[in-house]
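K.L.:
Compute the structure for the input listed below.
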Amino acid sequence: MDWPRLRAAQLHVARRSAVLFFAAQIFGSALAVLALAPMAPHDKLLCWMLLTLGTSGWVTMRRLGWRDEDALTATLADVRRGGVEGIAMGLVWAILPLAFGMLVTARAGIDLWAATTLVMITSALTSGLLPLASLAFIAIFGSICVATLLFVGAPLLAGTASFMVLLMATASYGRAHAHALLRANQIALDERDQTVSLLLREFEDAGSDWLWEVDAQRRVVRASPRLAASLGLEPSTLGGMPLLQLLAGPAWQTGQFPSELHDLADKLKSREPFADLAIPMDIEGDRRWWQMSASPKYDERGAFAGFRGVSSDVTDQRRATEQIYRMARFDALTGLPNRLHINEALATALSEADKWGARCAFMMIDLDRFKAVNDTLGHPVGDRLLQRVARRLRGLVSDNEMIGRLGGDEFAVVVRDARDTARVEALAQSIIDTVSRPYELDQHTLYIGASVGLALAPRDGRTAETLVRSADLALYRSKDKGGGVFHAYEPQLHVAAEERRVLEIALRGAVEQGQMQLAYQPVVNARTGGLLGFEALLRWTHPELGVIPPAKFIPLAEEARLIGGIGEWVLRTACHEAARWDEPARIAINVSAEQLHNPAFATLVAQTLAASGLAPDRLELEVTESVFLREGTAATSVLEQLLDLGVRLSLDDFGTGYSSLGYLTHTRFSSIKIDRSFIQSAARGTREAIAVIRAVVALAESLGMATTAEGVETEQEHAMVQSLGCSRVQGFYFGRPLPVEEARAIVSHNAPETTRARA
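P.N.:
Below you'll find the model as predicted:
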């Protein structure tokens, strides 16, 4: 316990009861004098009364004069002075039974006993909180009274007096003890209240939250200064203002409140506690967010008295949360919804469509020729081009659609209500037309396009995963058609995709399982018909699926990144076979762009030539112009290394791709192959095709290159390519692709350049 403060409390109580103590002494002494006046000398009684009043007056003055009434602590010596006072008063009152006890009659004894009882009770009451004073007075005065009663022969009365004295002492001590405990609890409560008040002040002054109170009519009755400062108001203006008006701000006059404010009004009206209720506010033109919590308060009668709550400004936290949300659901480059957001929107659209028996749609968009922009102009230009595309796409959609970026050059559209199929298809075509318009970027005029795959729910899928897969298959079909178109999902697309999956699995083990073979198609001199060599053509016969055409499995091998291993097998097999032929018969092998982009390909060719014993000039590698479309690769360097080995190079399918004459300056080609589509068109008399063939022949002759006409199937076509100046020819007219045994037989029975190789 805090004894200094408890002692001060005891002295303060004694000070307040000092006058009552003195009045009781006057009344008690007067009553005693009146009881003894008939039988005791008046002068002695008067002297005793004056002594009693003087002593009690001295005690009263001491108690009234103790320090300052605002003193909070007292010393042990201050309290012990009460023991001196109790002894003095006990001795003064002890004179009464000692001096006059023998003279008391029965009637006077009762009056005297009443007077002494009154004095002891009032002393216990007025001095009880000073246990030394009250116990000293009761002990001295009570013991003398009991002794006097025994001396005069009143043992029963003496016993009663003894019991009363003991009871008075016990009560006096108990009261002092109870007061000490009560005061200690009050001190603890005061300290706690002070601590809480201090913490609240510090909380309001330095914290980010503030306190407020409203009455039963929801008017502000208490608000911290920080609350007023956060509102841009003076604290004095908040009192009596409705809380909702305070929070609504200028909107209070218009009645256009946010829904969150209506929620707060409902909470206040229902008188139920609430926590972490977010309220938007416009303060000086700035949108802020407050988080409010409150509980109802009640008065001592249990009647509702309003709310007491705390508020805090959570604008920064909310903005950070919104930023995190945006980063998680929006693309950083274009600002469009990302894959996660698109999937969520699609799931919601599917749920709504299923609920109302409606339809929704999903489109996948892939940019055509975008990769060429990245490869030629760099990724920074490609990124800015994607931003331009995103702006155009954003302008095409309404509230019924959401457009987003899935990644790379892929975009997607979720159509929430797709009951009007014609409108959905019109949107798909509008996307293609809009994206295909030219772009002016960094002094470049860029041309790209778009392919779109469309799927409708629930017809093409009832789940987001299924619908996305259907749209992807439709997009694949659009790309197969050359791009720049949209295609809706059809069930057979899934069949084709499953077939591709099965073929890819089978293709991965086809070489190891011996399912691949090489066929050899003769290449002859266009003028003499003499055999120059063979072109190795890859064939695949699956034990269950049968013969699979190259047009089906070669693109699949390139897409699945299997062409490298297959091409290595073709190179080794063809070179070892050609090494067995009579010189100078050559072998031509098609090489994919993926192989040439591998820096180790030239080393592989050198090792194969060395292992087979084939002369380098008898190997001719046929490449397409697509190998030059990827900038920054090792393809050109690999081709130079191959030329340094002595290997011949042929540019295949010239005229069917991008047909840039600049490609011919990249590398020293030995020949140019004219695609069979030109041969067939020229045979039908198409002037443009004839002009192209003549131009290619003239260009090749000027560059010292040979020209090979592919796909010659008739005598007429042979005569035509002879007249146009082609130096080499191959096709069904001279021989179909042959098994290896027949190719060996032709080489052994026909000397190259002297014998026709017509099959």
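K.L.:
use CA for all of it now, contacts and neighbours both
P.N.:
Will do.
K.L.:
what about Gln443, neighbour count?
P.N.:
For Gln443, the number of neighbouring residues by other Cα atoms under 10 Å comes to 7.
K.L.:
could we number from 8 for the rest of this?
P.N.:
With 8 as the first residue, the last one maps to Gln450.
K.L.:
And it, its phi and psi?
P.N.:
phi 60, psi 20 (degrees, to the nearest 10).
K.L.:
Please identify which helix or strand holds the closest residue to Met96 other than its chain neighbours.
P.N.:
Nearest residue to Met96, sequence neighbours excluded (Cα to Cα, 6 or more residues apart in numbering): Phe144, at 6.1 Å. Following DSSP states H and E, one finds Phe144 within helix 138-158.
K.L.:
contacts for that helix?
P.N.:
86-87, 89-98, 100-101, 104-105, 108, 127, 130-131, 134-135, 162, 164-166, 168-169, 172, 175-176, 179-180, 183 (Cα atoms under 8 Å, 6 or more residues apart in numbering).
K.L.:
try 7 Å
P.N.:
87, 89-90, 92-94, 96-98, 100-101, 104, 108, 127, 130-131, 134-135, 162, 164-165, 168-169, 172, 176, 179-180, 183 (Cα atoms under 7 Å, 6 or more residues apart in numbering).
K.L.:
Then stretch 384-400?
P.N.:
340-341, 380-381, 438, 441-442.
K.L.:
Okay, helices next: where are they in the stretch 308-457 of the chain?
P.N.:
Using DSSP state H, counting those that start in this stretch, the helices of the stretch 308-457 of the chain run over residues 322-336, 346-363, 377-384, 386-401, 428-443.
K.L.:
Please tabulate those helices in JSON lines, including the columns mean neighbour count and mean pLDDT.
P.N.:
Formatted as JSON lines, the helices of the stretch 308-457 of the chain follow (neighbours: other Cα atoms under 10 Å; pLDDT from 0 to 100):
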{"stretch": "helix 322-336", "mean neighbour count": "14", "mean pLDDT": "78"}
{"stretch": "helix 346-363", "mean neighbour count": "18", "mean pLDDT": "93"}
{"stretch": "helix 377-384", "mean neighbour count": "16", "mean pLDDT": "86"}
{"stretch": "helix 386-401", "mean neighbour count": "17", "mean pLDDT": "93"}
{"stretch": "helix 428-443", "mean neighbour count": "17", "mean pLDDT": "95"}
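K.L.:
Distance to Glu542 added to those helices, as JSON lines?
P.N.:
Formatted as JSON lines, the helices of the stretch 308-457 of the chain follow (distance: least, Cα to Cα, whole Å):
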{"stretch": "helix 322-336", "distance to Glu542": "54"}
{"stretch": "helix 346-363", "distance to Glu542": "47"}
{"stretch": "helix 377-384", "distance to Glu542": "31"}
{"stretch": "helix 386-401", "distance to Glu542": "39"}
{"stretch": "helix 428-443", "distance to Glu542": "40"}
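K.L.:
Could you say which one of those comes nearest to Glu724?
P.N.:
Glu724 lies closest to helix 377-384 among the helices of the stretch 308-457 of the chain, at 36.9 Å (Cα to Cα).
K.L.:
next helix or strand past the helix or strand harbouring Cys582?
P.N.:
Cys582 is part of helix 570-585, with elements assigned from DSSP H and E. Next helix or strand after helix 570-585 toward the C-terminus (DSSP H and E): strand 593-597.
K.L.:
in its sheet, what does that following strand sit against?
P.N.:
Here strand 593-597 is paired, per DSSP bridges, with strand 538-549 (parallel), strand 626-631 (parallel).
K.L.:
Next, the angle helix 570-585 makes with the last one.
P.N.:
Direction vectors for strand 626-631 and helix 570-585, defined by axes from the mean of the first three to the mean of the last three Cα atoms, to 10 degrees, enclose an angle of 150 degrees.
K.L.:
With just CA atoms, put strand 626-631 into PDB.
P.N.:
Listed next in PDB are the C-alpha coordinates belonging to strand 626-631 (Å, rounded to 0.1, in the frame of the first residue of the first chain):
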ATOM      1  CA  LEU A 626      26.700 -32.400 -99.700                       C
ATOM      2  CA  GLU A 627      24.100 -29.700-100.500                       C
ATOM      3  CA  LEU A 628      22.100 -28.200 -97.700                       C
ATOM      4  CA  GLU A 629      18.800 -26.600 -98.700                       C
ATOM      5  CA  VAL A 630      17.500 -23.700 -96.500                       C
ATOM      6  CA  THR A 631      14.500 -21.400 -96.800                       C
END
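K.L.:
Residues in contact with that strand: which ones?
P.N.:
Here strand 626-631 has contacts from 593-599, 654-660, using Cα under 7 Å, 6+ apart.
K.L.:
and which of these is nearest to Arg325?
P.N.:
The nearest one, if we look at the contacts of strand 626-631 relative to Arg325 and count by Cα to Cα, is Ser599, at 54.8 Å.
K.L.:
Excluding covalently adjacent residues, which one is nearest to the closest one?
P.N.:
Excluding the flanking residues, the one nearest Ser599 by Cα to Cα, 6+ apart is Val630, at 6.7 Å.
K.L.:
Specify the beta-bridge partners of that neighbour.
P.N.:
Judged by DSSP bridges, the bridge partners of Val630 are Leu658.
K.L.:
Give the closest residue to Glu511 in space, chain neighbours not counted.
P.N.:
Glu511 sits nearest to Leu563 (Cα to Cα, 6+ apart), 6.9 Å away.
K.L.:
Pull the residues that contact the helix or strand containing the one you found.
P.N.:
Assigned by DSSP H and E, Leu563 belongs to helix 557-566. The set of residues external to helix 557-566 that reach it, using Cα under 7 Å, 6+ apart, is 511, 546, 570.
K.L.:
Kindly recompute the last result at 10 Å.
P.N.:
Contact partners of helix 557-566, identified using Cα atoms under 10 Å, 6 or more residues apart in numbering, comprise 507-508, 510-511, 514-515, 544-547, 555, 567-574, 599-602.
K.L.:
buried subset of the residues you listed?
P.N.:
510-511, 514, 544-547, 569-571, 573-574, 599-602 (16 or more other Cα atoms under 10 Å).
K.L.:
Kindly indicate which of these lies nearest Thr643.
P.N.:
Nearest member of those to Thr643, counting by Cα to Cα, is Ala600, at 10.9 Å.
K.L.:
Would you check that that closest one makes contact with Val645?
P.N.:
No - the pair Ala600 / Val645 is not scored as a contact, 11.1 Å apart, by Cα atoms under 10 Å.
K.L.:
where does the host helix or strand of Ser477 sit relative to the chain's centre, distance-wise?
P.N.:
Assessed by DSSP H and E, Ser477 sits inside helix 471-487. Distance of helix 471-487 from the chain centroid (Cα atoms, centre = their mean, to the nearest Å) equals 30 Å.
K.L.:
That one packs against which elements?
P.N.:
Judged by 3 or more Cα pairs under 10 Å, 6 or more residues apart in numbering; DSSP states H and E, the packing partners of helix 471-487 are helix 346-363, strand 367-375, strand 456-464, strand 493-495, helix 498-515.
K.L.:
Rebuild the ones you listed as JSON lines, extending it with distance to Val40.
P.N.:
Formatted as JSON lines, those follow (distance: least, Cα to Cα, whole Å):
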{"stretch": "helix 346-363", "distance to Val40": "104"}
{"stretch": "strand 367-375", "distance to Val40": "113"}
{"stretch": "strand 456-464", "distance to Val40": "116"}
{"stretch": "strand 493-495", "distance to Val40": "126"}
{"stretch": "helix 498-515", "distance to Val40": "126"}
